[in-house]
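Asker: With the sequence up front, the predicted model follows.
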Amino acid sequence: MEEIISNSPNETIDLGKKIGATLKCGDILILSGDLGAGKTKFTEGILSYFGLQNEISSPTFTIVNEYYTNSLNIYHFDVYRIEDQEEFFYLGGDEYFKKGVSIIEWGEKIEKIIPKKYIKIDFSKSLDNENVRIIKIKKIGY
Ligand SMILES: Nc1ncnc2c1ncn2[C@@H]1O[C@H](COP(=O)(O)OP(=O)(O)OP(=O)(O)O)[C@@H](O)[C@H]1O
Ligand SMILES: [Mg+2]
């Protein structure tokens with residue numbers, strides 16, 4: 001497990017860029033943490049590594065936003081509104097996994113039904129500073 005302290009939104013974006021550089025087709029990232037903890041900011045950094053600057057929009061109402069880059073497809077999910085794990089299957093969510101990189105906000109809600117190998121990134125807010133985030137990265141099943 002790796003723990004990173006981010007002191008600003010830009011530092012979280014930079015971490016996203018750094019992780020973005022390591023990603024391969026089939027990778028699944030589960031992003032967990034409270035509302036406003038930084039999951040979308042981090043995703044913005046990943047997209048920016050792939051040349052998709054300023055393209056981030058929250059997929060809350062669409063469940064998934066799809067991005068096609070020269071090297072990889074990126075699927076950005078937000079499953080906050082999913083009622084139960086089966087709904088993700090019903091929506092065809094699992095069909096994306098092999099075709100690119102999947103980034104899943106609130107992914108802990110479907111952790112039991114996704115492939116056994118994934119990267120879990122947990123975001124939490126510091127209690128003493130509103131611009132500080134504690135980010136924990138854990139590789140599961142690797
Ligand atoms: N160190 C930091 N890292 C990331 N975001 C930060 C940081 N400090 C302050 N912020 C602010 O916190 C907010 C994070 O919002 P973001 O949309 O990324 O959260 P989220 O985890 O995706 O929330 P949600 O669950 O609602 O989707 C932004 O307004 C950002 O400017
Ligand atoms: Mg978000």
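Answerer: Ah, there it is. Ligands and ions are numbered 1, 2, ... in the order given.
Asker: okay, CA-based contacts and neighbour counts for the rest of this
Answerer: OK.
Asker: Please report how far Thr12 lies from ligand 1.
Answerer: 5 Å (Cα to the nearest ligand atom, to the nearest Å).
Asker: Get me the contact residues on this protein for ligand 1.
Answerer: Taking Cα under 6 Å from any ligand atom as the test, the list of the chain residues beside ligand 1 reads 6-9, 12, 34-41, 131-133.
Asker: Now list the buried members of those.
Answerer: 6, 9, 12, 37-41, 132-133 (16 or more other Cα atoms under 10 Å).
Asker: farthest-separated two in these?
Answerer: Thr40 and Val132 (15.3 Å; Cα to Cα).
Asker: Among the buried ones among the residues of the chain next to ligand 1, which are located in strands?
Answerer: With strands defined by DSSP state E, the entries of these inside them are 6, 133.
Asker: so what pLDDT did the residue in the chain sticking out farthest from the centre get?
Answerer: Farthest-out residue of the chain from its mean C-alpha position, per Cα atoms, centre = their mean: Asp128, at 25.2 Å. Looking at Asp128, its pLDDT is 95.
Asker: The one 3 residues further on too?
Answerer: Reported pLDDT at Asn131 in the predicted model: 98.
Asker: How about stretch 97-113, which residues are buried there?
Answerer: Those would be 97, 100-110, for stretch 97-113 by 16+ other Cα under 10 Å.
Asker: Could you export that stretch as CSV, CA atoms only?
Answerer: Written as CSV, here are the backbone C-alpha positions of stretch 97-113 (Å, rounded to 0.1, in the frame of the first residue of the first chain):
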residue,chain,number,x,y,z
PHE,A,97,-13.4,-4.2,-18.7
LYS,A,98,-11.4,-6.0,-21.4
LYS,A,99,-11.7,-3.3,-24.0
GLY,A,100,-9.7,-0.6,-22.2
VAL,A,101,-9.0,1.0,-18.9
SER,A,102,-12.0,1.3,-16.5
ILE,A,103,-12.0,4.0,-13.9
ILE,A,104,-14.9,3.6,-11.5
GLU,A,105,-16.0,6.3,-9.0
TRP,A,106,-17.8,4.7,-6.0
GLY,A,107,-16.5,1.4,-7.4
GLU,A,108,-16.4,-0.1,-3.9
LYS,A,109,-20.2,-0.6,-4.4
ILE,A,110,-19.5,-3.2,-7.1
GLU,A,111,-16.2,-4.5,-5.7
LYS,A,112,-17.6,-8.0,-5.2
ILE,A,113,-18.6,-8.5,-8.8
